[in-house]
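S.K.: next input, structure requested:
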Amino acid sequence: MSILPRFTLAGGLVATSLLPYSAFAAEPTEIIVVTASQQQQSWLSTPASIDIARRNEHGLLIDSAELLQGIPGLQVDSRANFAQDTRLSLRGFGSRSAFGIRGIYLQQDGIPISAPDGQGQLSSVLLDNIAYAEVLRGPMAVLYGNGAGGVISLYTNEQQPSGVSSDLALSSMHQQYQLQISQRSLNNSWQLAAKHFETEGFRERSSARKQQIQFGWQSLLTDELTLRLRIDGSNDPLLQDPLSLSAEQWREDPEQTAPQASLFDTTKSTQQHQASLALAHSGQHPWQVAIWQGNREVAQNLAFTGSAITSSGGVIALDRDFQGANAQKQWQLHPELSTLVGAAFAKSDDARQGYVNQFGQRGDLRRNETNLAENRDLYWRVNYQPTDKLSFNGGLRYTELYYAIRDNFIQGANPDDSGERNYYQHAGAIGMNYQFAANWAWFISTGQGFEAPTLSELAYKTEGSGLNLGLQASKNRQWETGVKYQDASSSMSLSVFSIRSSDELLVASSNNGRTSYRNAGDTARDGIELAMRTELSAHLQHDFSLTLLDATFASTALSGNRLPGVAKTDAYSQLRYQPRLALPLYLEWISSYRSKIATDDENSDFAPSAVTFDAAISSEQVLAKWQVRYWLKVNNLTDRKNVGAVVVNQSNGRAFEPAPGRYFSAGVNLNYRW
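M.R.: Purely as a prediction, here's the structure:
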């Protein structure tokens, strides 16, 4: 099927800054504009831990791990498996996710990527068209509502110069092609990008094909009124799943594939179409209104039959319609005091079927239900700056979350599992920032947030049949303090944080395709994060990040056990060197380390520590209106055997997802401007 989307009425993007923003303003070069905190302030004066990841032009950007690596507090585990999304956890939030991303609020250009129930994924995003990503950590993130243990905000590369560009990238496993056209005038600009990616993978039955397209249009209607439109389409017709391995299988041969992958033809295909539209006014009292709508389809074969009448089946068929709206307005009450009030609505409507997996063929029906999730939010923000050096930021958010499940498969031992549940929650945070010197600032903040169960976690009771409607939302209390430094050539941030969570959801049982959950976990997470960017000379730049995280259970049964999926130590170093040559040449060296990771709540096994070294060389030339850029990169230079990620609390014992060994890639980009 064509990846060109079929759209009905669709809507927009929610710009998240409080202060006026011009769609056609040049990007600041010395001051980082922080939008993830919903304040347009300099990085130095924001009372939160925020880092920016910019797209690296040297290498294949085939999953979000390439974009988000090196952010302190954010553990990025690439599964090298395109049937499963990159595994992300932030200060321990999201670590228990068996698939996709949860516990972290995801958005692109202000539009939610996370569903109303908190589950999200980044596989449908055209990452090559992302200019940068902001990662907000700590108490201020809870102001984004349900499941906002942290925030990852992606920003599309807009207002590009008029021209056309093409990319070709190849490796021993992958090949990628991309074409982009852009046009820019005084008051209007648009961009169209399309991409094709395919791979054979480094394990048997790990092939994938992905196709993506994106159109963006921005118009300055008046000096103060901006209209934005973005249309996204993705089509992944083939995503084979080689499955995870047991510890013994991984030690024997990390490139092998679990036998169940061939037996049950474990594959996945997805399609997603989405459109968004936003209108923003940047006058004395700025306001913004946005709407969005889309559809997502998923078909997946799992590694079991799911033939029992009480099973949900071994073949998944999902058809999801989703939409939402957001509106906000700001008032400058006093030169030192501003406030903002907003409201948001998001809805997803799923048609879910499950069938018996007859060894790769769709069999009898085992699940047929409709799932509805609605999220209604009211939020308030305030910024008070009594002096040039001292500022206070805070806010409150009230959330109503409604779930409804209608079971249409009622046969014999499989009774009616219909039901509904409401969650009424609130979140709040406050922070103070004091700039005690020209280049130094100290901040402190605290907040309380929540994370409601997802639809899949409500699906089954621990015992008997029916929905697990007794599950409560987990709550977290966070504290953070830190110092920041910034001058013309370097920046540094050091953060110390403490998080206490109650009613964490744990796996209660996993049997015959049904996984049930229970509120049984209190956790304690304490850590230190360090990020540094230094220009060691005019030709040498060094980026370094370090995360030390002690994440343990505090509840009686598991007290002292480490949180599964979370590393105690995560370190990243990147050196960039430009020799003094007539032809521009850039050399890059990346080193990363991740300590061992527990695979389950009982800490019965650990994935070993992982160390990797990557190296890249690139150059570029300008020939009249043409710009040519080419690069060569080697990943995992030492060919070390590593576990890329773990599947937490895997009942079948296959918890290890191997990382690929050494491989080379190369690419060329042709860019013509008119």
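S.K.: and stretch 199-207, which residues are buried?
M.R.: For stretch 199-207, the neighbour count (16 or more other C-beta atoms under 10 Å) marks 199, 201, 202, 203, 205, 206, 207 as buried. Quick note: C-beta positions are derived from backbone N, CA and C, even for glycine.
S.K.: chain center to that stretch: distance?
M.R.: Mean-position distance between stretch 199-207 and its chain equals 24 Å (C-alpha atoms, centre = their mean, to the nearest Å).
S.K.: now the end-to-end length of that stretch.
M.R.: From its first residue to its last, stretch 199-207 covers 5 Å (C-alpha to C-alpha, to the nearest Å).
S.K.: residues contacting that stretch, please?
M.R.: Residues from elsewhere that reach stretch 199-207 (C-beta atoms under 8 Å, 6 or more residues apart in numbering): 62, 80-82, 173-175, 198, 208, 238, 240-242, 255-257, 261-262, 266, 658, 660-661, 663.
S.K.: over to stretch 566-583?
M.R.: Identification of contacts with stretch 566-583 by C-beta under 8 Å, 6+ apart yields 69-70, 72, 75, 89, 92, 95, 539-551, 562, 584-598, 619, 621.
S.K.: please pick the buried ones from those.
M.R.: Counted by 16+ other C-beta under 10 Å, the contacts of stretch 566-583 give 69-70, 72, 75, 89, 92, 95, 541-549, 551, 562, 586-588, 590-592, 594-598 as buried.
S.K.: keep only those of these that are in strands.
M.R.: 75, 89, 541-549, 551, 586-588, 590-592, 594, 597-598 (DSSP state E).
S.K.: any weak-confidence spans in this protein?
M.R.: 1-41, 57-59, 464-465, 509-514 (pLDDT under 70).
S.K.: quick one, helices of it?
M.R.: 64-68, 247-252, 259-263, 455-458 (DSSP state H).
S.K.: related to what we said a few turns ago, next, give me the two most distant ones among the buried residues of stretch 199-207.
M.R.: 199 and 205 (12.1 Å; C-beta to C-beta).
S.K.: before we move on, back to that, now list the buried members of the contacts of stretch 199-207.
M.R.: The buried subset of these (16+ other C-beta under 10 Å) comprises 62, 80-82, 173-174, 208, 240-242, 255, 257, 261, 266, 658, 660, 663.
S.K.: now, which of these lie within strands?
M.R.: 174, 208, 240, 658, 663.
S.K.: so which of these is the closest to residue 480?
M.R.: Nearest to residue 480 out of these is residue 658 (C-beta to C-beta; 35.2 Å).
S.K.: residues in contact with the closest one?
M.R.: Residue 658 touches 80, 203, 245, 250, 254, 255, 641, 642, 643, 644, counting by C-beta under 8 Å, 6+ apart.
S.K.: can you pull the contacts of the last one?
M.R.: When you say that, I think you mean residue 644. 77, 78, 79, 80, 610, 657, 658, 659, 660.
S.K.: equivalent analysis for the third one, please.
M.R.: Contact analysis of residue 245 by C-beta under 8 Å, 6+ apart lists 254, 256, 258, 654, 656, 657, 658.
S.K.: the closest residue to the second one other than its chain neighbours: neighbour count?
M.R.: Just to be clear, that refers to residue 256. Of all residues not flanking residue 256 in the chain, residue 249 sits nearest, at 6.2 Å (C-beta to C-beta, 6 or more residues apart in numbering). With neighbours defined by other C-beta atoms under 10 Å, the count for residue 249 comes to 19.
S.K.: over to residue 386?
M.R.: Using other C-beta under 10 Å, residue 386 has 10 other residues around it.
S.K.: now residue 66
M.R.: Here the number of neighbours of residue 66 (other C-beta under 10 Å) works out to 18.
S.K.: how near is it to residue 56?
M.R.: According to C-beta to C-beta, to the nearest Å, residue 66 stands 7 Å off from residue 56.
S.K.: can I get stretch 355-368 in PDB? Just the C-alpha atoms.
M.R.: Output of stretch 355-368 as PDB, limited to C-alpha atoms (Å, rounded to 0.1, in the frame of the first residue of the first chain):
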ATOM      1  CA  TYR A 355      -6.000 -14.800  16.400                       C
ATOM      2  CA  VAL A 356      -4.500 -18.200  16.900                       C
ATOM      3  CA  ASN A 357      -1.000 -18.300  15.400                       C
ATOM      4  CA  GLN A 358      -1.000 -21.500  13.300                       C
ATOM      5  CA  PHE A 359       2.700 -21.500  12.800                       C
ATOM      6  CA  GLY A 360       2.700 -18.300  10.800                       C
ATOM      7  CA  GLN A 361      -0.900 -18.400   9.500                       C
ATOM      8  CA  ARG A 362      -3.800 -16.600  11.000                       C
ATOM      9  CA  GLY A 363      -6.200 -19.000  12.700                       C
ATOM     10  CA  ASP A 364      -9.300 -18.800  14.800                       C
ATOM     11  CA  LEU A 365     -10.400 -15.600  16.600                       C
ATOM     12  CA  ARG A 366      -9.400 -15.300  20.300                       C
ATOM     13  CA  ARG A 367      -9.800 -11.600  20.900                       C
ATOM     14  CA  ASN A 368     -12.200  -9.000  19.600                       C
END
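S.K.: what residues does it touch?
M.R.: So stretch 355-368 is in contact with 263-265, 301-302, 304-309, 311-315, 317, 352-354, 407-409, 414, going by C-beta under 8 Å, 6+ apart.
S.K.: any quick PyMOL command for the buried ones out of those?
M.R.: Selection of buried members from the contacts of stretch 355-368 for PyMOL, criterion 16+ other C-beta under 10 Å:
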select buried, resi 264+265+301+302+304+305+306+307+308+311+312+313+314+315+317+352+353+354+407+409+414
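S.K.: of the contacts of stretch 355-368, which belong to strands?
M.R.: For those, the ones inside strands are 301, 315, 317, 352, 353, 354, 407, with DSSP E as the criterion.
S.K.: distance check, the fourth one against residue 103.
M.R.: Taking C-beta to C-beta as the measure, residue 352 falls 22 Å from residue 103.
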